[in-house]
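*Asks:* Kindly return the folded structure for what I paste below:
(one chain, ligands or ions: 2)
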Amino acid sequence: MLVQEFGLEHRGSLDGVEVTGVTLGTGDLHPGDLFVGIQGANSHGASYAEQAKEGGAVALLTDAAGAEIATDAGLPIVIVDDPRAALGELSAWVYRTGESAPLLFGTTGTNGKTSTSYLLEAILRQLGLVTGLSSTAERHIGDMTVVSRLTTPEASEMHALLARMREAGVRAVAVEVSAQALSRRRVDGLVFDVVAFTNLSHDHLDDYADMEEYFQAKLALFEPDRGKRGVVCLDSSWGARVVAESRIPVTTIATIGHASAEDVESAAWVVEVLEETAAYTEFRLTGRDGRSLVTREPLIGWHMAANAALAIVMLVEAGFELEAIGAALDAEGGIQAYLPGRTERVSGERGPSVYVDFGHSPDAFENTLAAVRHFTSGRTIMVFGADGDRDATKRHEMARVAAEGSDILVITDHHPRFEDPASIRATLLEGAKLAEHQPETYEVSPPEAAIRKAVSLAKEGDSILWAGPGHQDYRDIRGVRTPYSAREEARAALREAGWA
Ligand SMILES: CC(=O)N[C@H]1[C@@H](OP(=O)(O)OP(=O)(O)OC[C@H]2O[C@@H](n3ccc(=O)[nH]c3=O)[C@H](O)[C@@H]2O)O[C@H](CO)[C@@H](O)[C@@H]1O[C@H](C)C(=O)N[C@@H](C)C(=O)N[C@H](CCC(=O)O)C(=O)O
Ligand SMILES: Nc1ncnc2c1ncn2[C@@H]1O[C@H](COP(=O)(O)OP(=O)(O)OP(=O)(O)O)[C@@H](O)[C@H]1O
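*Replies:* Ligands and ions are numbered 1, 2, ... in the order given. Prediction:
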């Protein structure tokens, strides 16, 4: 049936073969699945065809090279030139995700994708809709939470997720779309009702040759086969490029004091931060036509207000009335969202304030440090490390920005992966020295000791920002995911210091 539908070449009998799911990896396999073998960085997926058969796969779809590898695996083989290119459409067909599709929102950008998606989900719930979420931190199917491995799942997993959402009565879904997802065709077979661009700054230059290539990867979300209409944030200068090069209709939003004066002047929507407290940020969102809304989001920093406003404009673009959104938010005192590991406060009433954050780029450090400083009467202490085996070119700038914005710096380890953690720390120490302002600096490994060092130095009125680990519950050390929670470590360090 599938082979006839798509007119595909095949080997071996497909009589009686019924495909009920699609998967790329034997680890995710369910009986009845079509196993798709793609060439990976380490191996060809087709070399796992025998395992896939044992696990209940009913057929293999792969390229000509994969078909050679899997000749003796005992599965019927469907052959296509580029299995990854076929994956989205095929998965959409198997999981019937085109039928009664929910409202789909897709957000891309270097920073703020997860936050915008959570805030969007929260507002949709406050509007009374059953919602879904696909983010780096978690995936949600209504009230159920599913663990995330990638920011954006592979197309087969994405369509399977949407099928489960349909069964659960989900009406609207917020999806975080990474540049890697666009480059690797993970959102094929989806057309978002509204897409959004948050910002672009230095990150992922291990995956992309330069910022231009990284930008072009993100821009792909603003194509008619990916999104119907878009909202572009002008706070980073790359926003104007998205507007100029988008191939779908877009509207714009800019934050006073952060976008250029000309961009604030020309934007269709303007965000003005009215009040920043340790518990919430209040802002006004005003449309060019005079429509306006004042509300609060439960996170610190102007950038989180910008993310919340972006989410609201996405909803307006999807057809929701601004007045209705305002009324739903007013009824509950603002946006009711909990974002795991995004400047999450883990300290109690007494002692220093401790925030754990997922920021891992210079821009994220700068904004989060500024937000923490805003409420700190004492000293700002920053604890951070850098990812091993990921873009090493951003390390100096991360450390310089961290040094510039803090009074005390504790440089430690993050996910070393296969790199030597001591050499990553040495690079960070070099970067910190490039700052004009030189904080008191310590090098402490491992992170369990680093957070304890920071807590031992902190006094009432001081704040500690631990940037990097966010919501994550493991550290990747030489390819092994060791269970580990920064939020739990920070709480333990505070308890041990008598600040419980
Ligand atoms: C570097 C990279 O992109 N790797 C992706 C790639 O893995 P790979 O090429 O290393 O795969 P491989 O180990 O050679 O295996 C080849 C194939 O055999 C399959 N296999 C492999 C072993 C086995 O026992 N059984 C099996 O079936 C694999 O599922 C794969 O399809 O193919 C896998 C499945 O198709 C992906 O899950 C995997 O993403 C990894 C986990 C990853 O970290 N990707 C990063 C770059 C990424 O996409 N990041 C963005 C981040 C964004 C952000 O920070 O904003 C994201 O969206 O998450
Ligand atoms: N609009 C923004 N501008 C700049 N920095 C931001 C913005 N929003 C969030 N950040 C910073 O980036 C960190 C990560 O935020 P978030 O998880 O929402 O981004 P993301 O784009 O999903 O990142 P990732 O792709 O790595 O998951 C935050 O904790 C904060 O430090």
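
*Asks:* what's the distance between stretch 386-396 and the middle of its chain?
*Replies:* Put simply, stretch 386-396 sits 18 Å off its chain's centre (C-alpha atoms, centre = their mean, to the nearest Å).

*Asks:* Let me fix that, I meant to ask about stretch 330-340.
*Replies:* That offset, for stretch 330-340, works out to 20 Å (C-alpha atoms, centre = their mean).

*Asks:* any chance you could map the helices in the stretch 1-150 of the chain?
*Replies:* Along the stretch 1-150 of the chain, counting by DSSP state H, counting those that start in this stretch, helices occupy 2-6, 49-54, 64-69, 83-95, 113-126.

*Asks:* how about JSON lines for those helices, with mean pLDDT, distance to G385 and mean neighbour count added?
*Replies:* C-beta here means a position set from N, CA and C on the backbone, and glycine is covered the same way. Shown next, in JSON lines, are the helices of the stretch 1-150 of the chain (pLDDT from 0 to 100; distance: least, C-beta to C-beta, whole Å; neighbours: other C-beta atoms under 10 Å):
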{"stretch": "helix 2-6", "mean pLDDT": "71", "distance to G385": "47", "mean neighbour count": "13"}
{"stretch": "helix 49-54", "mean pLDDT": "96", "distance to G385": "36", "mean neighbour count": "19"}
{"stretch": "helix 64-69", "mean pLDDT": "95", "distance to G385": "39", "mean neighbour count": "16"}
{"stretch": "helix 83-95", "mean pLDDT": "94", "distance to G385": "33", "mean neighbour count": "21"}
{"stretch": "helix 113-126", "mean pLDDT": "97", "distance to G385": "20", "mean neighbour count": "26"}
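
*Asks:* and of these, who's closest to ligand 2?
*Replies:* For the helices of the stretch 1-150 of the chain, the distance to ligand 2 is smallest for helix 113-126, at 3.3 Å, taking C-beta to the nearest ligand atom.

*Asks:* Show me the helices in the stretch 351-500 of the chain, by range?
*Replies:* Counting by DSSP H, counting those that start in this stretch, the helices of the stretch 351-500 of the chain are 362-374, 395-405, 421-433, 447-457, 486-496.

*Asks:* And these: which comes nearest ligand 2?
*Replies:* Nearest to ligand 2, of all the helices of the stretch 351-500 of the chain, is helix 362-374, at 3.4 Å by C-beta to the nearest ligand atom.

*Asks:* relative to helix 421-433, how tilted is that closest one?
*Replies:* 70 degrees (axes from the mean of the first three to the mean of the last three C-alpha atoms, to 10 degrees).

*Asks:* Who are the packing partners of helix 362-374?
*Replies:* helix 302-317, strand 353-357, strand 380-384, helix 395-405, strand 463-467 (3 or more C-beta pairs under 8 Å, 6 or more residues apart in numbering; DSSP states H and E).

*Asks:* between these, which gets nearest to T116?
*Replies:* helix 302-317 (4.4 Å; C-beta to C-beta).

*Asks:* Check the burial of the closest residue to S445 other than its chain neighbours by counting its neighbours.
*Replies:* Distances taken as C-beta to C-beta, 6 or more residues apart in numbering place D413 nearest to S445, at 5.3 Å, with adjacent residues excluded. Close neighbours of D413, defined as other C-beta atoms under 10 Å, add up to 25.

*Asks:* what do you get for the one 5 residues further on?
*Replies:* The criterion is other C-beta under 10 Å. On that basis, F418 has 10 neighbouring residues.

*Asks:* Please report how far it lies from ligand 2.
*Replies:* Distance, F418 to ligand 2, using C-beta to the nearest ligand atom, to the nearest Å: 20 Å.

*Asks:* wait, what's in contact with that residue?
*Replies:* Shown in contact with F418 (C-beta atoms under 8 Å, 6 or more residues apart in numbering): G388, D389, R478, G479.

*Asks:* I'd like to know how far the second one sits from ligand 2.
*Replies:* From D389 over to ligand 2 the distance is 15 Å, taken as C-beta to the nearest ligand atom.

*Asks:* what's around that residue, how many residues?
*Replies:* D389 has 14 neighbouring residues, counting by other C-beta under 10 Å.

*Asks:* Please verify my assumption that it contacts E419.
*Replies:* Yes: using C-beta atoms under 8 Å, D389 is in contact with E419, at 5.8 Å.

*Asks:* In this structure, which residue sits closest to ligand 1?
*Replies:* G40 (2.2 Å).

*Asks:* Now tabulate the helices and strands packed on helix 362-374 in TSV and tack on distance to ligand 2, mean pLDDT and mean neighbour count.
*Replies:* Output for the helices and strands packed on helix 362-374, formatted as TSV (distance: least, C-beta to the nearest ligand atom, whole Å; pLDDT from 0 to 100; neighbours: other C-beta atoms under 10 Å):
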stretch	distance to ligand 2	mean pLDDT	mean neighbour count
helix 302-317	4	97	27
strand 353-357	4	95	25
strand 380-384	11	98	26
helix 395-405	11	97	23
strand 463-467	7	97	28
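
*Asks:* who does I79 bridge with?
*Replies:* E9, T62 (DSSP bridges).

*Asks:* Run a quick neighbour tally on E321.
*Replies:* E321 - counted by other C-beta under 10 Å - has 11 other residues nearby.

*Asks:* pLDDT weak spots in this protein?
*Replies:* Applying pLDDT under 70 to the chain picks out residues 1-2.

*Asks:* Return the set of buried residues in stretch 415-427.
*Replies:* H415, P416, R417, E419, P421, I424, R425, T427 (16 or more other C-beta atoms under 10 Å).

*Asks:* Would you pull up how far that stretch lies from the middle of the chain?
*Replies:* The answer for stretch 415-427 is 24 Å, by C-alpha atoms, centre = their mean.

*Asks:* and what of stretch 246-254?
*Replies:* 21 Å.

*Asks:* and the chain, what are its domains?
*Replies:* Following automatic domain parsing, the chain resolves into domains at 2-95, 103-330, 344-496.

*Asks:* so which of the ones you listed gets nearest A337?
*Replies:* domain 103-330 (3.6 Å).

*Asks:* how long is that closest one end to end?
*Replies:* End-to-end span of domain 103-330 (C-alpha to C-alpha, to the nearest Å): 24 Å.

*Asks:* Next, E282: secondary structure please.
*Replies:* strand (DSSP: H, G, I helix; E, B strand; the rest coil).

*Asks:* tell me which element the nearest residue to it once chain neighbours are set aside is part of?
*Replies:* Nearest residue to E282, sequence neighbours excluded (C-beta to C-beta, 6+ apart): E275, at 4.1 Å. Using DSSP states H and E, E275 maps to strand 269-276.

*Asks:* Report the distance from that strand to the chain centre.
*Replies:* So, by C-alpha atoms, centre = their mean, the centroid of strand 269-276 is 24 Å from its chain's centroid.

*Asks:* and the gap between the residue lying closest to L315 once chain neighbours are set aside and L120?
*Replies:* With sequence-adjacent residues excluded and distances taken as C-beta to C-beta, 6+ apart, L315 is closest to I325, at 5.9 Å. The spacing between I325 and L120, counted by C-beta to C-beta, to the nearest Å, is 11 Å.

*Asks:* Could you tell me which residues touch both of these two?
*Replies:* L315.

*Asks:* now for the helices of the stretch 1-150 of the chain, which one comes closest to I77?
*Replies:* Distance to I77, taken as C-beta to C-beta, is lowest for helix 64-69 among the helices of the stretch 1-150 of the chain, at 5.0 Å.
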